[in-house]
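got a predicted structure here, sequence first:
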Amino acid sequence: MPRPAMPVTGLCLRVPLMALGVLVMGAHVAPSPAQAQAPTNTPALRGAVGDSYRSPSLATPATPASNRISAQPPADDALASPDLRPAIPDDDPTSDPLDPLLDDAPRPAAGERAPVVDGDMTLPEERTAIARDGIVEVGEPLVPQDGADPTVIDSRPQEEADLFTTPLENPPAGFDPLLFQIEDIDPIRTDRRPARLFNQEPYDPIGIRFGSFVYFPEVTLAGEATSNVLRLTPADSDVSAEFSSRARLVSNWKAHALEFNARGLTSFHNEFDSEDEAFWNVEARGRLDVARRTNIQGLIAHDVRQEGRGAIDAAVTGDRAQVTTDTADVTLNHRFNRLTVQLRGGYDDIDFGASGDASNTNDDRDTEVTTEAVRTTWEFRPTFSVFGEVETNQRRYNVAAVSDGFSRDSNGERYRAGIDFGSTGEIVRGEVSVGYGTQDLRDAGLSDVDGVLIDANVAWRMSELTTLRFLARSDIFDTNTTGSGGVLSRTAGIEARHTFRRHVVATAGLSYTDFDYDNVVIAESELRGSLLLEYYVNREWTLFGQWDHINFDSNQPNGTWTADDLRIGARWRQ
């Protein structure tokens with residue numbers, strides 16, 4: 001019997017209802033961009049690496065890591081942890097009995113563990129299993145049978161196995177929207193991930209996507225008042241206005257990585273034009289993934305800035321020297337299971353412009369530095385490794401020092417041993433090391449410089465609201481001071497960052513630096529305290545105020561001075 005035709009009115013009602021149903025289902029499946037960018041209850045991690053405003057700390061070293069952060073979130077569900085087991089248990093009765101994976105190969109029985117494989121960074125299954133309602137496990141765990149295959153069943157006590165697995169107290173932080181992927185070039189200078197953990201903020205910049213690249217722009221406007229602009233006694237005060245910007249373009253690929261950075265800062269003082277800043281820097285980083293456990297990372301940079309008044313051999317009065325630095329670094333990283341080997345090489349060309357009354361050309365300070373290093377790391381677990389490092393350098397000058405006629409050409413060696421806490425954990429990141437350094441002057445008229453080296457860059461997230469950072473930096477620097485072949489500089493500092501309210505974050509820092517001049521009776525030190533308060537208006541705009549107090553002590557005539565700097569501004573970023 002033929003089916004009667006649908007009335008026109010019924011058809012007109014059904015079509016809009018079906019379309020409305022499709023829209024409702026789509027709204028439940030895909031969140032809106034506003035929902036995806038809304039802040040969560042937990043403060044997100046963000047590293048203010050290269051922020052246009054100054055950090056409260058004096059020293060800002062960096063740390064290495066052997067594991068890269070994935071550039072992609074989980075493909076199936078961005079809200080699901082990649083380490084969690086499926087919600088349906090393996091023994092689900094609806095599973096297919098003809099599954100080819102259900103063969104007769106030996107597998108751990110209930111209560112037994114599979115052995116941990118070197119290089120596997122995932123959490124053990126018993127640490128991440130989802131609790132199943134209505135099932136209560138009682139009794140002691142089963143004891144592995146004698147003679148069991150150790151490649152299939154892990155017979156070690158649980159407390160011993162925990163030493164070689166990722167602990168729950170410092171799990172990996174996971175996907176980082178800032179895409180810091182090229183950080184293993186130089187453990188001291190180029191790793192930004194500990195600072196990323198320390199600088200927790202309520203909002204992460206989302207960037208602007210250009211194909212497979214993400215662009216992060218940033219602009220800062222600020223005004224500054226200082227009580228001692230020339231860093232002298234007696235002090236002269238001044239005010240200034242400054243403008244700074246930064247552009248960062250980074251790839252978002254599954255393999256290999258590229259990153260381009262450009263920064264600039266311009267300031268204008270009301271009275272002392274010699275203190276105006278005209279700083280700019282361009283940098284390119286790259287990572288080539290040769291194999292699963294091997295990569296090559298490199299960096300090239302060009303930096304132009306004015307020398308600080310408190311720098312070694314800096315001009316006390318008159319125009320400051322313009323310092324131009326060209327840098328090229330390359331690093332080979334290879335992992336042999338728990339053993340990682342890193343080979344590094346670097347080149348720096350440093351050119352000093354005229355200073356003072358322009359009669360001081362500073363040609364005797366122009367330097368070429370080459371560096372070679374090898375580091376070996378043994379990983380006990382992803383958050384605890386020990387390492388040893390040997391580094392050599394060669395410093396060459398165009399002419400002998402004008403002050404005493406001696407050449408500052410030298411060859412140096414650095415020996416370090418330390419502990420690495422990893423650079424991807426969400427609780428602790430960074431490293432600490434102790435060692436010995438020497439700089440052998442080639443001119444017989446100058447004595448060699450040596451001393452103990454202590455380096456640290458550790459960030460510790462004590463809670464969701466508070467983070468600490470411990471900093472230490474030691475090295476031997478050259479000087480043209482008459483009769484001295486170098487200066488052993490040691491810096492130690494601590495920073496604390498606390499979130500008072502969701503949009504109000506404060507940072508306090510304290511650091512101390514000692515300058516030990518070789519073979520001369522010059523003793524200098526610097527004590528610096530800082531306080532930074534930030535108010536996050538929204539995801540893009542931030543208001544901030546920063547106060548710095550500097551106390552410089554010297555046994556030279558009129559060498560002791562103090563300064564207080566107050567800086568207030570606004571920052572925009574995308």
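Arrived safely. Numbering: from 1, shown residues only.

where does the stretch 201-350 of the chain have low pLDDT?
Along the stretch 201-350 of the chain, no part satisfies pLDDT under 70.

please enumerate the strands of it.
Shown for the stretch 201-350 of the chain, the strands assigned by DSSP state E, counting those that start in this stretch span residues 208-210, 213-226, 238-251, 257-269, 278-291, 294-306, 322-336, 339-352.

between those, which gets nearest to residue 505?
strand 213-226 (16.4 Å; C-beta to C-beta). Heads up, the C-betas are built off the backbone N, CA and C, glycines and all.

give me the contact list for the closest one.
51-53, 178-179, 205, 207-209, 237-252, 258, 267, 563-574 (C-beta atoms under 8 Å, 6 or more residues apart in numbering).

one more time with 6 Å, if that's ok
Strand 213-226 has contacts (C-beta atoms under 6 Å, 6 or more residues apart in numbering) with 52, 205, 207-208, 238-252, 565-574.

what angle do that strand and strand 238-251 make?
170 degrees (axes from the mean of the first three to the mean of the last three C-alpha atoms, to 10 degrees).

how far is strand 213-226 from where the chain is centred?
19 Å (C-alpha atoms, centre = their mean, to the nearest Å).

what lines up beside it in the sheet?
Within its sheet, strand 213-226 is paired with strand 208-210 (antiparallel), strand 238-251 (antiparallel), strand 561-573 (antiparallel), according to DSSP bridges.

now the last one - C-alpha only, PDB.
Coordinates of each C-alpha in strand 561-573 appear next as PDB, following Å, rounded to 0.1, in the frame of the first residue of the first chain:
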ATOM      1  CA  TRP A 561      77.400  54.200  46.600                       C
ATOM      2  CA  THR A 562      73.700  53.400  47.000                       C
ATOM      3  CA  ALA A 563      70.800  53.700  44.700                       C
ATOM      4  CA  ASP A 564      67.000  53.400  44.800                       C
ATOM      5  CA  ASP A 565      65.100  52.900  41.500                       C
ATOM      6  CA  LEU A 566      61.300  53.000  41.200                       C
ATOM      7  CA  ARG A 567      59.700  51.800  37.900                       C
ATOM      8  CA  ILE A 568      56.000  51.900  37.000                       C
ATOM      9  CA  GLY A 569      54.500  50.800  33.700                       C
ATOM     10  CA  ALA A 570      52.000  48.700  31.700                       C
ATOM     11  CA  ARG A 571      52.600  45.700  29.500                       C
ATOM     12  CA  TRP A 572      50.600  44.300  26.600                       C
ATOM     13  CA  ARG A 573      51.100  40.900  25.100                       C
END
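
buried sites along that strand?
For strand 561-573, the neighbour count (16 or more other C-beta atoms under 10 Å) marks 561, 563, 565, 567, 569, 571, 573 as buried.

hmm, residue 547 and the third one touching each other?
No: counting by C-beta atoms under 6 Å, residue 547 is not a contact partner of residue 565; they are 7.1 Å apart.

low-confidence ranges in the stretch 351-500 of the chain?
For the stretch 351-500 of the chain, no stretch is flagged by pLDDT under 70.

how about the helices in it?
For the stretch 351-500 of the chain, applying DSSP state H, counting those that start in this stretch gives no helices.

skip the chain neighbours and tell me the closest residue to residue 568.
In this structure, residue 568 finds its nearest non-sequential neighbour in residue 545, 4.8 Å apart by C-beta to C-beta, 6 or more residues apart in numbering.

kindly state the beta-bridge partners for that neighbour.
residue 533, residue 568.

relative to residue 224, how far out is it?
11 Å (C-beta to C-beta, to the nearest Å).
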